[in-house]
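S.K.: this is a predicted model, with the sequence first.
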Amino acid sequence: MSRETVTKRCEIAILGAGPAGLGAAWELARQGRRDVIVVDRNTRPGGLARTEQQDGHRFDVGPHRFFTPNKEVDALWHEVLGADFRPVQRLTRIYYREKFFLYPVSALDALPKLGPVQAAWALASYAAAALTRDPARATTFEEWVSAQFGRKLYESFFKTYTEKVWGIPCNQIGAAWASQRIKGLDLWGVAKNAVGALARKPKTLADEFDYPTLGAGQMYERMAERATAAGHTFLMPAEVVGAELDGPCLRAVTLAGPGGRVRLEAGQFITTLPITRFLTLLSPPPADEAVRACSELYYRDHLTVNLVVGKTGLFPDQWIYVHAPEVQMARLANYLNFSPAMAGRPGTTPLSVEYFVFRKDPLWARPDGELVAFAVDELRRMKLLDPAAVEQGFVVRETDSYPTYYLGFEGAYAKVQAAMDGLQNVLPAGRGGMYKYNNMDHSLYSGLLAARNVLGAPGAPFDLWKINIDAEYHESASRGP
């Protein structure tokens with residue numbers, strides 16, 4: 001016998017307890033709003049920035065760093081965690097051709113490691129690109145990067161990793177993605193920096209970041225605690241499985257969780273759910289063109305194989321970009337190098353191996369035990385790990401993790417955005433809710449501004465769609481005074 005659906009009511013409902021949802025909850029709590037319910041499908045807050053635990057060992061859902069030029073967000077982070085928010089000296093490298101290359105790429109480091117033939121090829125292609133460089137004419141990621149760095153450097157340091165992440169060829173990814181995420185890099189500028197010349201450092205690269213003592217999720221767990229203390233209610237785990245419209249307003253959403261179904265009514269909703277999924281849950285459905293647009297947009301899914309290794313000193317990086325085509329992993333993180341407290345006991349190292357996939361891919365369907373064995377074997381082949389040192393492992397599957405900027409997605413995106421804007425009491429926020437590849441600071445800030453729109457705060461309404469992923473905003477080489 002099915003259990004009866006319970007009805008709950010609140011003034012404001014927040015769908016999703018990731019950085020954006022908790023940013024909204026934080027602001028509402030700060031302004032004295034108590035009648036708020038926050039919903040999330042996971043048992044832990046933080047969304048894609050949550051920290052999972054296994055026998056005292058801690059693993060983020062992929063490596064996260066806290067770095068922003070947004071002074072308000074930075075101040076909020078420090079207010080939330082205080083002494084538990086600590087600076088970390090960054091070391092990140094690229095694994096390619098069985099060698100490790102510094103990231104940011106340094107000419108003095110990379111060219112000798114490529115070898116004389118490959119280095120000469122790289123320099124020649126870079127010089128040839130410089131003679132005809134016009135990135136403004138590029139329409140694809142491949143064209144943009146090749147114009148900036150030459151074909152050889154594109155193939156060595158951009159192509160394989162990018163295609164692992166997105167699952168489509170680089171000539172099917174829009175040039176806007178490259179201009180946003182790689183803005184400001186210059187081979188000769190990096191070389192000048194390496195020898196101490198006065199040159200502007202690339203804006204997309206930082207040498208230091210802040211990190212919570214107990215993982216990225218500690219930030220959002222603490223924010224959830226503060227919101228709860230302010231009177232907010234958290235329903236977790238609870239999946240949004242339906243949404244009822246009354247004209248242009250959302251009347252209620254239906255939640256499914258271990259305790260049964262809940263019909264949640266609210267006067268105002270802030271949603272961080274994947275925008276395409278949210279719109280297709282609406283009843284009655286949006287216009288046909290919006291439904292078609294939802295089917296044309298898609299997200300990349302994410303697998304993390306988390307390993308407890310019974311030794312330390314494996315490698316010094318916080319994370320490694322794996323550009324090698326002979327293995328499927330895309331990134332490898334060592335959480336002991338983020339914070340020693342991430343290890344459950346002395347003498348152990350928590351590692352995470354990341355795979356970017358679609359749910360239709362065979363890798364997604366493999367049993368957890370096979371995935372653990374597969375990741376361990378890839379690490380063995382890379383000579384980074386003795387399989388005998390692995391004590392245990394588990395898998396985290398995360399759907400709808402990365403909105404895909406395929407070539408020509410903008411038309412469908414505009415229709416989806418218009419459909420969302422047509423809802424009078426719903427505000428989108430965050431990476432999923434806005435179909436934007438946001439970093440944590442963008443997502444949190446979108447939640448803060450969504451809450452201020454609800455409250456009618458000074459300066460409102462804020463245009464949330466303008467919180468973008470421009471490299472000038474999301475990362476800077478300068479941490480300020």
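M.R.: Nice, thanks for sending it over. Numbers count the residues shown, from 1 in each chain.
S.K.: where do the domain boundaries of this structure fall?
M.R.: Following automatic domain parsing, one gets these domains for the chain: 6-51+69-81+212-297+406-474, 105-204, 299-403.
S.K.: and the gap between the residue nearest to residue 452 when sequence neighbours are not counted and residue 330?
M.R.: The shortest distance from residue 452 to any residue that is not its chain neighbour, by C-beta to C-beta, 6 or more residues apart in numbering, is 5.3 Å, and that residue is residue 460. Backbone N, C-alpha and C define where each C-beta goes, glycine included. Relative to residue 330, residue 460 is positioned 40 Å away (criterion: C-beta to C-beta, to the nearest Å).
S.K.: ok, residue 150 next?
M.R.: Applying C-beta to C-beta to residue 150 and residue 330 gives a distance of 23 Å.
S.K.: got the buried residues for the longest strand seen in the chain?
M.R.: Taking DSSP state E as the criterion, the chain has its longest strand at strand 390-403. Applying a neighbour-count criterion of 16 or more other C-beta atoms under 10 Å, one finds 390, 393, 394, 395, 396, 398, 400, 401, 402, 403 buried in strand 390-403.
S.K.: right, and the helix or strand after that strand?
M.R.: Following strand 390-403 in sequence order, the next helix or strand is helix 410-421 (DSSP states H and E).
S.K.: what's the angle from that following helix to strand 390-403?
M.R.: Taking axes from the mean of the first three to the mean of the last three C-alpha atoms, to 10 degrees, helix 410-421 and strand 390-403 form an angle of 90 degrees between their directions.
S.K.: outside of helix 410-421 itself, list whatever touches it.
M.R.: By C-beta atoms under 8 Å, 6 or more residues apart in numbering, the residues outside helix 410-421 that reach it are 174, 275-276, 278-279, 286-287, 289-290, 292-294, 296-297, 426, 428, 435, 465.
S.K.: so where is the protein shaky, pLDDT-wise?
M.R.: Counting by pLDDT under 70, the ranges of the chain that qualify are 1-2, 135, 179-180, 182-206, 468-481.
S.K.: what do you get if the cut-off is 90, keeping everything else the same?
M.R.: 1-4, 69, 102-138, 144-158, 174-207, 437-439, 467-481 (pLDDT under 90).
S.K.: in it, which residue is closest to the centre?
M.R.: Centroid check for the chain by C-alpha atoms, centre = their mean gives residue 439 as the closest residue, at 5.8 Å.
S.K.: rewinding a little: show me which of the contacts of helix 410-421 are buried.
M.R.: If we count by 16+ other C-beta under 10 Å, the contacts of helix 410-421 have these buried: 174, 275-276, 278-279, 286, 290, 293-294, 297, 426, 428, 435.
S.K.: out of those residues, flag the one nearest to residue 4.
M.R.: Ranked by distance to residue 4 (C-beta to C-beta), the buried ones among the contacts of helix 410-421 are led by residue 278 at 25.6 Å.
S.K.: picking up where we left off before, so the residue nearest to residue 452 sits in a strand?
M.R.: No. The assignment for residue 460 is coil, going by DSSP: H, G, I helix; E, B strand; the rest coil, so no strand is present there.
S.K.: for residue 460 and residue 330, indicate the residue with more neighbours.
M.R.: residue 330 (23 against 13; other C-beta atoms under 10 Å).
S.K.: the residue nearest to that one when sequence neighbours are not counted: which element?
M.R.: Leaving out its chain neighbours, the residue that sits closest to residue 330 by C-beta to C-beta, 6+ apart is residue 164, at 4.2 Å. In this assignment (DSSP H and E), residue 164 forms part of helix 160-166.
S.K.: what's the first helix or strand after that helix?
M.R.: Beyond helix 160-166 on the C-terminal side, the first helix or strand identified by DSSP H and E is helix 175-181.
S.K.: centre of the chain versus that next one, how much separation?
M.R.: Here the centre of helix 175-181 is set off from its chain's centre by 16 Å, with C-alpha atoms, centre = their mean, to the nearest Å.
S.K.: stretch 52-63 too?
M.R.: Relative to the centre of its chain, stretch 52-63 is centred 16 Å away, using C-alpha atoms, centre = their mean.
S.K.: now do it: distance from first to last residue.
M.R.: The separation between the terminal residues of stretch 52-63, taken as C-alpha to C-alpha, to the nearest Å, is 12 Å.
S.K.: list the contacts of that stretch.
M.R.: 44, 48-51, 214-217, 302, 304, 306, 308, 318-319, 331, 333, 335, 338, 341-345, 348, 350, 352, 354, 392, 394, 396, 398.
S.K.: in it, what's buried?
M.R.: Those would be 52, 53, 57, 58, 59, 60, 61, 62, 63, for stretch 52-63 by 16+ other C-beta under 10 Å.
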